[in-house]
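# Sequence first, predicted coordinates after that:
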Amino acid sequence: MRGVFYGQFFKEDFMQDYKLQVANAISAAIDSQLSQDEILSKIEIPKALNLGDYAFPAFVLSKVLRKAPQAIAAELVEKIDQTGFEKIEAVGPYVNFFLDKQAYAKAILAEVLAAKENFGNQDLGAGRQVPIDMSSPNIAKPMSMGHLRSTVIGNSIANLMAKVNYKPVKINHLGDWGTQFGKLMCAYEMWGSEAEIKADPIATLLKYYVRFHEEAEAKPELNDQARHWFKRLEDGDAEATRLWKWFREESLKEFMEVYDELEISFDSYNGEAFYNDKMDEIVELLEEKHLLKESQGAQIVDLDKYNLNPALIKRSDGATLYITRDLAAALYRKRTYDFAQSLYVVGNEQTNHFKQLKAVLKEMGYNWSDDIHHIPFGLITSGGKKLSTRAGRVILLQEVLNDAVNLATKQIEEKNPTLANKAEVAHQVGVGAVVFHDLKNERLNNFDFDLEEVVRFEGETGPYVQYSRARAMSILRKAGVDADAVTGSYDLNDPEAWETLRLLGDFPAIVKRAVTEYEPSVVAKYAIHLAKAFNKYYAHSRILADDEQKQARLAMVAAVATVLKEALRLLGVGAPDEM
């Protein structure tokens, strides 16, 4: 399928044409015993390239034909018209199809080099908006490695959504409200020093917060004082409001330093506090629809029919809860963005909360609640234990990024001391190592934090992919070829290039799968596979040999550089031209 997208041609799945070619060949040989859709659903991709590019399992016909699958496969090979294929052969119960490699090479290289960074663009979203609730650090607490996942997963999903013509709206739903502010204000009242906070805001506020929890274990009445402080804040008390604004401003300054390091920006910083004046409407709507019930003095919505615990809307003291604000946020975002989807990139431990949120919205008659999706992810642990601000187990994200950049700088000094823009490349490589390490893990998996592993530059890492792309650019420079203006023949007839060419053709399908599964690791793993295939080709081929295939080989090198750079961009990782 072809169409126009941002002035460029695209294919939703470059490989689909070839799969259809295989299906048509099978269909013509089996006398309509299976429909084309049935054939397409049965076609497989062999695990090894020496078994062909597509395989059809003949045992799906054994009941109809009453023959052994091996015999059916052998007969099909005799019947199938092999025009347009390199060869077709029977291997046990499978019919294996080998594509015409030269024709394929010409098609994929022409496609990539014409589309450039737009290769893989698709129109799945028709320009509709997708708010993405992501990052969302808590005010007055430092950004730790625990915040990395939501931030980089959300950013990559936003990039992927834009790639398929949705309009992502990145929302940093700041944790700038709630009882933790009451605890912090209570701690400041008892032990705080304005001068100490001004000297080192976040570290000092964290120290107060941790001390409060330690002392509250022996003095539970401190929690009552904290709740009182938060109620003062909700009621607009001048001193509580002053402290809240001060803590928020100081926190945002520090957050912005981290976001600048990651080169991640947001379309909105509307946090929990933004919805304070929007919660009354939610409570009124719930009352109008007779959904609110009283339970031990609190206001709840019964969710028994969804096999969920009741949603607590208001506590007995009248204070609101997270879900009240999230209901207000959901309604605000629907009215503001008329979203196609609304995504919440929030940890796996909040799964029940989002089930309750969707259930309450459904009870309110909002069928668009079906378009709300929680995108959960696993934990980053340290020594097998969850990172916890409350317990003082914090690994500061800024420190990790700094350490990664310093290690990248050291490696560059050792391996390429004359590199022109060392500081810029070290930043791209160091920060890229941290981001890629997170995103190559399937998002639901937990992983234990180890600084040395995070910033490791060998193996299946971001720096390895970056270096592979830089190597491709180096080859083009040696050949005197501009990567964005490769011309000449695309008729590459080189068996060694086949694995790389096949992977290039897979990219549009990889993008689509990553979008539909909300899974950036699909792109990260693809980038590793493409880099490995290209490096293997580089090691076994004389790319710059001056023969009739030279221009076609250079065209493939340019295509690899283009697709690796775009894959890294989708992950939020830079792609230096030199390393």
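Now that the structure is in, tell me what you want to look at. Numbers count the residues shown, from 1 in each chain.
# surely residue 22 meets residue 43?
Yes: counting by Cβ atoms under 8 Å, residue 22 touches residue 43, with 5.9 Å between them. Where C-beta positions appear, they are placed from N, C-alpha and C, glycine not excepted.
# between the two, which one's more packed in?
A count of neighbours by other Cβ atoms under 10 Å puts residue 22 above the other of residue 22 and residue 43, at 24 against 17.
# Quick one: classify the more buried one as helix, strand or coil.
On the three-state scheme (DSSP: H, G, I helix; E, B strand; the rest coil), residue 22 is labelled helix.
# who touches it in this structure?
43, 54, 56, 97 (Cβ atoms under 8 Å, 6 or more residues apart in numbering).
# Quick check: of those residues, which lies closest to residue 320?
Nearest to residue 320 among the contacts of residue 22, counting by Cβ to Cβ, is residue 43 at 54.4 Å.
# any shared contact partners between residue 22 and residue 43?
What both residue 22 and residue 43 touch, as defined by Cβ under 8 Å, 6+ apart, is the set 54, 56.
# Can you tell me what sits against the lengthiest helix in the chain?
In the chain, taking DSSP state H as the definition, the longest helix is helix 238-262. Applying Cβ under 8 Å, 6+ apart, the external contacts of helix 238-262 come out as 137, 139-143, 151-152, 155, 174, 176, 181, 184-185, 188, 197, 201-202, 205, 229, 232-233, 265-266, 269, 273, 397-398, 401, 427, 431, 435, 572.
# The spatially closest residue to residue 534 that is not a sequence neighbour and residue 527, how far apart?
Nearest non-adjacent residue to residue 534, counting by Cβ to Cβ, 6 or more residues apart in numbering: residue 560, 4.9 Å away. For residue 560, the distance to residue 527 equals 11 Å [Cβ to Cβ, to the nearest Å].
# now swap in residue 421 and tell me
In terms of Cβ to Cβ, residue 421 sits 23 Å off from residue 527.
# do residue 210 as well
From residue 210 to residue 527 the distance is 40 Å (Cβ to Cβ).
# what about the two, which has more around it?
Neighbour totals were compared for residue 210 and residue 527, and residue 527 leads with 32 against 19 (other Cβ under 10 Å).
# Could you pull up the residues touching the closest residue to residue 383 other than its chain neighbours?
Nearest residue to residue 383, sequence neighbours excluded (Cβ to Cβ, 6+ apart): residue 448, at 7.2 Å. Residues in contact with residue 448, defined by Cβ under 8 Å, 6+ apart, are 380, 381, 382, 383, 384.
# and of those residues, the nearest to residue 279?
When these are compared against residue 279 (criterion: Cβ to Cβ), the nearest one is residue 380, at 32.2 Å.
# The residue nearest to residue 344 when sequence neighbours are not counted: what's it in contact with?
Excluding its sequence neighbours, the residue lying closest to residue 344 (Cβ to Cβ, 6+ apart) is residue 133, at 4.5 Å. Contact analysis of residue 133 by Cβ under 8 Å, 6+ apart lists 154, 171, 173, 329, 342, 343, 344, 345, 346.
# ditto for residue 135
147, 150, 151, 154, 172, 264, 266.
# Where is pLDDT lowest across these?
Minimum pLDDT across these is recorded for residue 147, with 91.
# tell me the contacts of the closest residue to that residue other than its chain neighbours?
Nearest non-adjacent residue to residue 147, counting by Cβ to Cβ, 6+ apart: residue 137, 5.1 Å away. By Cβ under 8 Å, 6+ apart, residue 137 lies in contact with 143, 147, 174, 175, 251, 255.
# ditto for residue 109
490, 492, 501, 504, 552, 555, 556, 559.
# Helix or strand next in line after the strand or helix carrying it, which one?
Assigned by DSSP states H and E, residue 109 belongs to helix 101-115. Remark: after helix 101-115, the chain's next helix or strand is strand 129-133, criterion DSSP H and E.
# Now the helix or strand residue 558 falls within: average pLDDT?
Element membership of residue 558, judged by DSSP H and E, is helix 550-571. For helix 550-571, mean pLDDT is 97.
# Over to stretch 420-438?
In the prediction, stretch 420-438 has an average pLDDT of 95.
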